[in-house]
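Chemist: Below is the sequence, then the predicted model.
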Amino acid sequence: MKDMLVVVKIKEGSFEKFMGFMQSDAGTAERKKFADVTKSVVGVAPDKRTFVAKIVVHNIDALHAFLDGSNPVSKPIWDEVRESYEIYELNKV
């Protein structure tokens with residue numbers, strides 16, 4: 001298990017569609033494939049164009065597939081709403 005920080009830039013006006021997918025049964029099922037969703041901590045910028053999540057990841061390859069568009073379930077939504085994303089590994093200091 002690794003703590004990761006994911007920062008996603010959302011296209012203007014697409015936040016509600018993005019959150020609808022992330023909270024849907026399909027979105028939750030896909031997120032469970034790579035993370036413990038009960039330990040996720042999320043934040044959203046006031047302009048709703050940046051989404052930040054601290055997640056506990058158990059399958060890094062599935063995380064990358066979910067975000068990069070190679071996952072067939074998440075690809076359609078990402079193609080529509082995402083501008084970019086970054087993943088950071090968090091380490092205790």
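Modeler: Ah, there it is.
Chemist: When you work out contacts or count neighbours from here on, use the C-alpha atoms and nothing else.
Modeler: OK.
Chemist: Tell me where this protein has helices.
Modeler: Secondary structure of the chain by DSSP state H: the helices cover 15-23, 25-32, 60-68, 75-81.
Chemist: tell me the mean pLDDT for the shortest one?
Modeler: This points to helix 75-81. For helix 75-81, mean pLDDT rounds to 93.
Chemist: so what secondary structure elements neighbour that helix?
Modeler: helix 15-23, helix 60-68 (3 or more CA pairs under 8 Å, 6 or more residues apart in numbering; DSSP states H and E).
Chemist: Out of the helices of the chain, flag the one nearest Thr50.
Modeler: Among the helices of the chain, the nearest to Thr50 by CA to CA is helix 15-23 (8.8 Å).
Chemist: Buried ones in the closest one, by neighbour count?
Modeler: 15, 18, 21-22 (16 or more other CA atoms under 10 Å).
Chemist: what's the answer for stretch 39-59, then?
Modeler: Judged by neighbour count using 16+ other CA under 10 Å, the buried positions of stretch 39-59 are 48-58.
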